[in-house]
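Enquirer: Sequence first, predicted model second:
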Amino acid sequence: MAVAVGQRGLRILQALLDSGGEPVSKAELMRSAWPGLVVEDSNLSVQVTALRKLLGASQPDGAEWIVTVPRFGYRLSGGAAAEDTQLAPLLHGEPDHGGRPSIAVLPFTHLGDDPAQEYLADGVTEALITALTRFRWFSVTGRNASHVYKLKPVDGRTAAAELGVRYLLEGSVRKSGARVRISAQLVEASSGSCLWADRYDFADADMFEVQDAIAQRVAGAIEPELLKNTGSRAAGRRTGSVAGWDLVAQGSWLFHHVTKPTHLKARELFRQARLIDAELTEARLWLGRVNAGLVAYGWSEDPALDLREGHAAALEAVQLDEKNPYTHYALAIVDVYADEFALALRSAEKAVELSPSFALGHLVHGMAALYSGDAALAVRSLERGLRLNRYDPQNFVWYNVLALAFLFNGKAEDALQCAVAALKIRPAWRPAMRTAAAANASLGRAEMAARWLRQWSDVAATSADALQPLWRCNSRWAEEMNRLLEGRP
């Protein structure tokens, strides 16, 4: 009887057959199925589970064909043999990473005239691969696989097809005197469209520091672009797929619309994904995050119940993958809205420790610091997070939190600038109008403060200000805010 097997599963099966019943290590099986790629062990488990279902029982007693060898790998049981055939090359045009997006960092080009400076471009490339690998929710091609294109340049679409990836990060390094300029762009391989591009200038101090700094800033900037594009692609699918990862991607796309209906729909998708896949970390961390959001924006009918569900889901996520910075972020944001600021700070610190380029880790650290009463620490963390990620869909919230941190740190002009930045992203965000009014009042601009308050009163309220823990736990700042808005001395 013939059965349909995906190309990754087919290569795993071929490797097991070739071993003649001897155990094959997990590392060897992953090299066979994902040559040159950095992927999680869970991908192998998924493929083996699928093969077991397809092959059925090998013995009358119901034993499976593929046997787990504890702490090593797998082997085939029973009398299995392979015909003298050869598998076709991997169809890289149809990358298979368990539904997750995949990216390769092509060798950055050195544009200078001095060949001795070539190491700068190589160092940036390697640092970027390391930084991106820490995000864990997408697959990153290993350096050895992509480095071949330094010696054999090809167009991006060809490189993506050969590497089996959906996205490419490419760029250049130019050194002139004491200055270094690094340009980078993120490209969707199938369409050739540029999703993101930027350039960075550094003084030629310590080149190792420059390489680390650029890796953090580029990785921090492109990661949310990958998330947004992945969610958009998943939302546009009409295949009827119920794969856990597809549900998470669709849910993340809805989540970033930041409305009550989309948050509620996203939560249902995350709950479904959690039931479908018992090992899917992302289903749990996103469930924690969306429950915190429902409470923050005042859309929860039972905040205590939603926070309990969110906290339990985030803890499960940490237990499934404690090296994933997103899991610690999810736990931190839930703890913020449960007024557990010390716990939130600790989780945020762990997220940043795991991935220094993870903008959300710095942002939630700043939020927890402000809500716990430390405005100066909040400014430092929030500024760092916003530098790393200028385009997060919820930056209107983060800019307003930074504005308040500045205001309560005695820097009203900076507070006003941040409140305006929040309103550039979401012009009808009432909390930022209120902050702008308070900042103007602090600066002695009573007429401007009154104008902002009139705008605030003219806009219909569709959500809470996401600042409830700040006002609940800092009565002095709450009173200062009221005094400024009421024009009292």
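Expert: Arrived safely. Numbers count the residues shown, from 1 in each chain.
Enquirer: Number of residues surrounding Leu111?
Expert: Using other CB atoms under 10 Å, Leu111 has 14 other residues around it. C-betas here are computed from N, CA, C, even on glycine.
Enquirer: now it: how far from Ala161?
Expert: Applying CB to CB, to the nearest Å, the value for Leu111 to Ala161 is 26 Å.
Enquirer: so where's the chain uncertain?
Expert: For the chain, the stretches with pLDDT under 70 are 1-7, 36-40, 42, 57-62, 78-99, 116-117, 142-154, 204-211, 220, 222-242.
Enquirer: just the strands in the stretch 351-489 of the chain please.
Expert: Counting by DSSP state E, counting those that start in this stretch, the stretch 351-489 of the chain forms no strands at all.
Enquirer: Helices along that one, start to end?
Expert: Ranges of helices within the stretch 351-489 of the chain are 359-371, 375-388, 395-407, 412-425, 430-442, 446-458, 468-473, 475-486, based on DSSP state H, counting those that start in this stretch.
Enquirer: Check the stretch 201-350 of the chain too.
Expert: Using DSSP H, counting those that start in this stretch, the helices of the stretch 201-350 of the chain run over residues 207-235, 244-255, 260-276, 281-296, 303-320, 325-337, 341-354.
Enquirer: Can you tell me which of those helices is most buried?
Expert: With neighbours defined as mean count of other CB atoms under 10 Å, those peak in mean count at helix 325-337, which reaches a mean of 29.
Enquirer: Val67: helix or strand, and which one exactly?
Expert: Element membership of Val67, judged by DSSP states H and E, is strand 66-69.
Enquirer: cool, and Arg75?
Expert: In the assignment (DSSP H and E), Arg75 maps to strand 73-76.
Enquirer: partners of that strand in the sheet?
Expert: strand 24-25 (antiparallel), strand 66-69 (antiparallel) (DSSP bridges).
Enquirer: Pro356 is nearest to which of those?
Expert: With CB to CB as the criterion, Pro356 lies closest to strand 24-25 of the strands paired with strand 73-76, at 32.4 Å.
Enquirer: Need the residues that contact the closest one.
Expert: 15-16, 72-75 (CB atoms under 8 Å, 6 or more residues apart in numbering).
Enquirer: Can you turn the buried part of those residues into a ChimeraX selection?
Expert: This is how ChimeraX selects the buried members of these, with burial counted by 16 or more other CB atoms under 10 Å:
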select :15,16,73,74,75
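Enquirer: ok, of the contacts of strand 24-25, which one's closest to Arg387?
Expert: Nearest to Arg387 among those is Gly73, at 43.8 Å by CB to CB.
Enquirer: ok, back up a step: which of the residues in the next helix or strand after the strand holding Arg75 are buried?
Expert: As assigned by DSSP H and E, the chain's next helix or strand after strand 73-76 is strand 102-105. Neighbour counts over strand 102-105 (16+ other CB under 10 Å) mark 102-105 as buried.
Enquirer: Output the contacting helices and strands for strand 102-105.
Expert: For strand 102-105, the packing partners by 3 or more CB pairs under 8 Å, 6 or more residues apart in numbering; DSSP states H and E come out as helix 118-133, strand 139-141, helix 143-151, helix 156-163, strand 167-176.
Enquirer: do that again at 10 Å, thanks
Expert: Using 3 or more CB pairs under 10 Å, 6 or more residues apart in numbering; DSSP states H and E, the elements in contact with strand 102-105 are strand 37-38, helix 118-133, strand 139-141, helix 143-151, helix 156-163, strand 167-176, strand 179-188, helix 207-235.
Enquirer: Using CSV, write out the CA atom coordinates for it.
Expert: Provided in CSV are the C-alpha atoms of strand 102-105 (Å, rounded to 0.1, in the frame of the first residue of the first chain):
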residue,chain,number,x,y,z
SER,A,102,12.4,30.7,7.8
ILE,A,103,15.2,33.2,7.1
ALA,A,104,18.7,33.2,5.8
VAL,A,105,21.3,35.9,6.4
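Enquirer: coming back round to it: what lies in contact with the strand holding Arg75?
Expert: Residues outside strand 73-76 that contact it (CB atoms under 10 Å, 6 or more residues apart in numbering) are 12-13, 15-30, 44, 48, 51-52, 55, 58, 64-69, 82.
Enquirer: Among the residues you listed, which are located in strands?
Expert: 24-25, 66-69 (DSSP state E).
Enquirer: Now the buried members of these.
Expert: The neighbour-count criterion (16+ other CB under 10 Å) marks 24, 66-67 among those as buried.
Enquirer: would you turn those residues into a markdown table with distance to Ala189?
Expert: Supplementary listing: these in a markdown table, determined by distance: CB to CB, whole Å:
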| residue | distance to Ala189 |
| --- | --- |
| Val24 | 32 |
| Ile66 | 33 |
| Val67 | 38 |
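Enquirer: How far does stretch 363-379 stretch from one end to the other?
Expert: 10 Å (CA to CA, to the nearest Å).
Enquirer: Check which residues of that stretch are buried.
Expert: 363-372, 374-375, 377-379.
Enquirer: for those, which one is nearest Pro325?
Expert: Nearest to Pro325 out of the buried residues of stretch 363-379 is Val364 (CB to CB; 10.7 Å).
Enquirer: Hmm, Lys350 and that closest one touching each other?
Expert: No: at 11.2 Å, Val364 does not count as touching Lys350 under the criterion of CB atoms under 10 Å.
Enquirer: quick one: common contacting residues for the two?
Expert: Counting by CB under 10 Å, 6+ apart, the residues touching both Val364 and Lys350 are 328-329, 331-332.
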